[in-house]
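Peer 1: Predicted model and sequence follow; I will ask about them next.
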Amino acid sequence: MTAPPQVGRVVAIDWSGARGRRYAGIAVAECDAGAAAPRLVAGPGGWWSRSAVFDWLRRSLDRGPALVGIDCAFSLPFAVSRRYFADPARATVFDLWELIDRVAAGEPDFGGGPFVEHPDYGGDFWRSGLQPDWYRDPHRRAEMACRADGLGSPQSPYKLIGSRQVGKGGLAGMRMLHALRRAEPERVAVWPFEDPAPGRTLFCEIYPRLFLKQTGFGQRKIRDGAELDAALAALGSCPLGMVGVVSDHDADALVSAAGLRRLASLAEAWEPPGLDPPARRIEGWIFGVGGAGLAGLTPPAAPAPPRCR
């Protein structure tokens, strides 16, 4: 197994596919290599839009390469999306992103609504009411592996019902990644479709519940600064020292930044057993999910307490 890439700065983004101009559901956190506590990055005027995240990411490229995890699906289940291409065997995720961006081009802030509403593609999404008879809840292989490993139950991107639906956020994320690759082709790469390369900021798909599982919180939410620091300590991070209530979105971003930094040092996370050629080509993978399960992706013993100021 090859050695994992060297990772310095790590960014984690809790994402949103909502329509609007700015969203409480977006949070950005970053941390440096080592054990320093992750920190929240404030959006313009205290709020993030997806376009503001895009602008911040472009500017941050000047600070050197980083590993950026985004909490959204980077692709659609190929069992359904294959019908969008004349030659499915040769289609790649970048072809899918180009299609989605072309169909949704009129939607501001990287919104994906027009794709969901398009007569050629919208019929694949469960958009309202009770589950239709034709809907089979398709999942990508990474989502099924996540469930099999006991790491959580990611929703299908084709299910747009309920508070946990992720489809619109995924479409918006794909449009933003497509724009980043188009704007910065020499400085951006997206895992696992592209390999890590010196000088390039690498983007990967993350699932915050996976990191919360590693901290012992399981399905519980982090409510305040003390619980946040306990979760960070379980991931080998110094405490942040926040006081009072912590929002779900801020907690997800901060814990994901520390968890992604820790997992990135493990070769198994970069080469999970289930990452087959179709996943590398078009379906993608959730970073940290693997056939060996959670125990195979975390050190056998709790990390030593970090040296903190």
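Peer 2: Yep, that arrived.
Peer 1: My guess is residue 93 contacts residue 75. True?
Peer 2: Yes - Residue 93 is within contact range of residue 75, at 5.1 Å (criterion: C-beta atoms under 8 Å). Yep, even glycine has a C-beta here, placed from its N, CA and C like the rest.
Peer 1: shared neighbours of these two, which are they?
Peer 2: 282-284 (C-beta atoms under 8 Å, 6 or more residues apart in numbering).
Peer 1: Filter these down to the ones in strands?
Peer 2: If you go by DSSP state E, the shared contacts of residue 93 and residue 75 have nothing in strands.
Peer 1: Closest one of these to residue 211?
Peer 2: residue 284 (18.3 Å; C-beta to C-beta).
Peer 1: ok, the closest one - how many residues close by?
Peer 2: 26 (other C-beta atoms under 10 Å).
Peer 1: So which residues of the protein form helices?
Peer 2: 50-60, 78-81, 93-103, 113-117, 141-148, 167-183, 208-215, 225-234, 248-263, 267-270, 277-278 (DSSP state H).
Peer 1: if we compare these, which one ends up closest to residue 10?
Peer 2: Nearest of the helices of the chain (C-beta to C-beta): helix 248-263, 4.4 Å.
Peer 1: so what does the closest one touch, helix or strand wise?
Peer 2: strand 9-14, strand 27-31, strand 39-41, strand 66-70, helix 208-215, helix 225-234 (3 or more C-beta pairs under 8 Å, 6 or more residues apart in numbering; DSSP states H and E).
Peer 1: So for residue 193, which of the ones you listed sits nearest?
Peer 2: Short answer: strand 66-70, nearest of the helices and strands packed on helix 248-263 by C-beta to C-beta, at 13.9 Å.
Peer 1: now that closest one: mean pLDDT?
Peer 2: Across strand 66-70, the average pLDDT comes to 97.
Peer 1: now it, how far from the centre of its chain.
Peer 2: Counting by C-alpha atoms, centre = their mean, to the nearest Å, strand 66-70 is centred 8 Å from the centre of its parent chain.
Peer 1: Can I get that strand as CSV, trimmed to CA atoms?
Peer 2: C-alpha atoms of strand 66-70 as CSV (Å, rounded to 0.1, in the frame of the first residue of the first chain):
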residue,chain,number,x,y,z
ALA,A,66,-5.0,21.9,1.3
LEU,A,67,-7.3,19.0,1.8
VAL,A,68,-10.9,20.1,1.6
GLY,A,69,-13.8,18.0,2.7
ILE,A,70,-17.4,18.9,1.7
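Peer 1: What is the neighbour count of residue 186?
Peer 2: 8.
Peer 1: Quick check: it vs residue 196, distance?
Peer 2: Plainly put, residue 186 is 14 Å away from residue 196 if you go by C-beta to C-beta, to the nearest Å.
Peer 1: can you tell me which of the helices and strands packed on helix 248-263 comes nearest to residue 256?
Peer 2: Once the helices and strands packed on helix 248-263 are compared by C-beta to C-beta, strand 9-14 is nearest, at 3.6 Å.
Peer 1: what about that closest one, distance to the chain center?
Peer 2: For strand 9-14, the distance to the chain centre is 9 Å (C-alpha atoms, centre = their mean).
Peer 1: and the angle from it to helix 248-263?
Peer 2: 140 degrees (axes from the mean of the first three to the mean of the last three C-alpha atoms, to 10 degrees).
Peer 1: Contacts for strand 9-14, please.
Peer 2: 25-33, 38, 53, 57, 60, 63-71, 206, 208, 249-250, 252-254, 256-257, 260-261, 264.
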